[in-house]
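Peer 1: Next comes the sequence, and after it the predicted model I'd like to discuss.
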Amino acid sequence: MSAANGPDRFGPFGEDPEDAGEGEQQGGNEAFGRDQPSPGAAGPGPADRPWIPTPRSSVEDTGRPLPEVTAAEPAVLEHRVLKSLLGAWALAACSPEEAAAVEIHLGDCGTCAEEALRLRDAVGLLHAEESLDLDPMLRSRVLEGCLTRRPARIPVPGWATPYDAETARLDALLQDIGDGEWHAPVRLRWYEGAEQVGKKTTVAGVIAHLTSVDGLVARALGLEDPSSVPPELGPTARTKAYWKSSYFPPTRAVRAPWREQSHAVIRTVSFAGSDEAGAGGSGQLPVSYGNFELALRDAMIDRAFECWIHAGDIADAVDYPYEAPSPRHLNRMIDLAARLLPGSLAMRRRHGLAAPARELVGAGRPGRSLRLEVEGAGGGEWLIALDSPAAVGSDEREVAHVALDGVEFCRLAAGHVLPEEAAAGQVGDREAIRDVLSATAGLSRL
């Protein structure tokens, strides 16, 4: 196709360039003023500059009289009509006459004035939020700000604050998930003997599990156990009995009894008083776990730890971001696990799952020790007695040194990481290191 017949023959507005002639030149200058040449035209003088329109003058600068502004005459309306207009007035949706009548009425009627104030405050809330996700540290900052101004009349004991915080975080997660996600599959994992085992359940099943095991603490405090499971059963047997007794798979209905039970536990331990020094008090109340016991202060840390671990299982199942506990609370959890390690080692040794003791010593005497170094926020160092649960760790008798990240150590203690897969720096007696890592995983249970 030749250029003469093609689309390039016509200008951008459809005119034929050959027929435009001077009209095109004049038409092209209309945008700049009919008497001025186009900006691209050659030639000296001010005519070369593009024409710029002069600013429009305001009526205030002309000296002419301004139009009179007359105030709207208030409409004469009955009380019931004025009361019905309060909502529209708060939204600035009344006509000028109606608004004037309402404002005059508010100066005379106290009842309507109070209602108008409430409606105006409510209007301030009717705006789209940028994000519905709250800062996870908001609750901590609010509590810290409140307590620095006026201490709580009945404070939560320090050993119960991790449980208070972790149950609150899990409850916030549960509030965010939809109905269908309560049936999302979750695989619980723990360590038995020398291998990792698991159990398939749902999000609702995990909350039922937490409810049944928290019932051990509730019973020790004299509270009602919502699971109605025999008290002599341990955590694993209680959970299985609770699941088996349900006629239907657990649903989101399990959230309310779990939340009420956790609140009741926190209230009870708070009213019972604190014993931060560790001598006497409610924190030493024994809590039976079937084949072993923990003091209440340690049982509360244990329940906070399991709540965090299972909240992470739920978060993974529903693709929800979930952070580790605060460093202070994480340190309490790691400290409890470190204190339980000598007993776990002794139990595994009785079942032939750990090397025999090399140097038995009397209770309270220093024995062979492993230095456990936990890195990161909430970490620290602990000396673990290797040969007797009653012995004490000793710097002079240190035979091995293990270093792990804090969250990795907790995942190992929860049975989520196998001992041979734990990312650890290791120096010293390899047998002692293997036994301590296996004993850490052995702390886990359903």
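Peer 2: Thanks, I have it. Numbers count the residues shown, from 1 in each chain.
Peer 1: what ranges do the strands span in this structure?
Peer 2: 185-192, 195-202, 286-288, 293-295, 369-375, 380-385, 398-405, 425-428 (DSSP state E).
Peer 1: Compute the distance between the residue lying closest to Ala424 once chain neighbours are set aside and Arg169, please.
Peer 2: Of all residues not flanking Ala424 in the chain, Leu404 sits nearest, at 4.8 Å (Cβ to Cβ, 6 or more residues apart in numbering). Using the backbone N, CA and C atoms, a C-beta is placed for each residue, glycine as well. For Leu404, the distance to Arg169 equals 24 Å [Cβ to Cβ, to the nearest Å].
Peer 1: Which one's more surrounded, the two?
Peer 2: More crowded of Leu404 and Arg169, by other Cβ atoms under 10 Å: Leu404, with 25 against 18.
Peer 1: What about Lys83, how many residues nearby?
Peer 2: 17.
Peer 1: Model confidence for it, exactly?
Peer 2: At Lys83, the model reports a pLDDT of 89.
Peer 1: Now do the contacts for the nearest residue to it once chain neighbours are set aside.
Peer 2: Take Lys83 and drop its neighbours on the chain: the residue closest to it by Cβ to Cβ, 6+ apart is Cys112, 5.8 Å away. With contacts defined as Cβ atoms under 8 Å, 6 or more residues apart in numbering, Cys112 is in contact with 82-83, 86, 105-106.
Peer 1: so the residue nearest to Ala424 bridges to which residues?
Peer 2: Val374 (DSSP bridges).
Peer 1: hang on, it packs against Glu421?
Peer 2: No: applying Cβ atoms under 8 Å as the test, Leu404 and Glu421 come out as separate, 11.7 Å apart.
Peer 1: quick one on the thing from earlier: which one among the contacts of Cys112 gets closest to Ser245?
Peer 2: Leu86 (55.2 Å; Cβ to Cβ).
Peer 1: if I look at Val186, how far off is Asp176?
Peer 2: 16 Å.
Peer 1: neighbour-wise, which of those two wins?
Peer 2: Counted by other Cβ under 10 Å, Val186 and Asp176 do not tie: Val186 has more neighbours, with 20 against 13.
Peer 1: Near the closest residue to that one other than its chain neighbours, how many other residues are there?
Peer 2: Excluding the flanking residues, the one nearest Val186 by Cβ to Cβ, 6+ apart is Ala317, at 4.7 Å. Counted with other Cβ under 10 Å, the neighbours of Ala317 add up to 18.
Peer 1: Kindly report the same for Ser84.
Peer 2: So Ser84, with other Cβ under 10 Å, has 11 neighbours.
Peer 1: Ok, Gly198 next?
Peer 2: 11.
Peer 1: which residues in the stretch 201-350 of the chain form helices?
Peer 2: 203-220, 235-245, 255-272, 296-318, 327-350 (DSSP state H, counting those that start in this stretch).
Peer 1: gap between the first one and the chain center?
Peer 2: Read it as helix 203-220. How far helix 203-220 lies from its chain's middle: 21 Å, per Cα atoms, centre = their mean, to the nearest Å.
Peer 1: Alpha carbons only: can I get that helix in CSV?
Peer 2: Presented in CSV, the C-alpha positions along helix 203-220 are these (Å, rounded to 0.1, in the frame of the first residue of the first chain):
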residue,chain,number,x,y,z
VAL,A,203,-7.3,-27.0,64.8
ALA,A,204,-10.3,-27.7,67.0
GLY,A,205,-8.8,-31.0,68.1
VAL,A,206,-5.6,-29.1,69.2
ILE,A,207,-7.7,-26.7,71.4
ALA,A,208,-9.5,-29.7,72.9
HIS,A,209,-6.1,-31.2,73.7
LEU,A,210,-5.0,-28.0,75.4
THR,A,211,-8.2,-27.9,77.4
SER,A,212,-7.8,-31.4,78.6
VAL,A,213,-4.2,-31.0,79.8
ASP,A,214,-4.8,-27.5,81.3
GLY,A,215,-7.5,-29.3,83.3
LEU,A,216,-4.6,-30.9,85.4
VAL,A,217,-3.8,-27.4,86.6
ALA,A,218,-7.4,-26.5,87.1
ARG,A,219,-8.0,-29.5,89.2
ALA,A,220,-5.0,-28.8,91.4
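Peer 1: average model confidence for it?
Peer 2: Rounded mean pLDDT across helix 203-220 is 93.
Peer 1: Any stretches of the stretch 101-250 of the chain with poor pLDDT?
Peer 2: Filtered on pLDDT under 70, the stretch 101-250 of the chain yields the residue ranges 127-137, 139-140, 143-144, 146-153, 247.
Peer 1: Neighbours of Arg411, how many?
Peer 2: Count around Arg411 with other Cβ under 10 Å applied: 19.
Peer 1: Contact partners for the closest residue to it other than its chain neighbours?
Peer 2: Spatial nearest neighbour of Arg411, excluding adjacent residues (Cβ to Cβ, 6+ apart): Val417 at 4.7 Å. Neighbouring residues of Val417 by Cβ under 8 Å, 6+ apart: 408, 411, 441.
Peer 1: Val76 now?
Peer 2: Ala101.
Peer 1: mind pulling up the phi and psi values for it?
Peer 2: Dihedral pair for Val76: phi -90, psi 110, per degrees, to the nearest 10.
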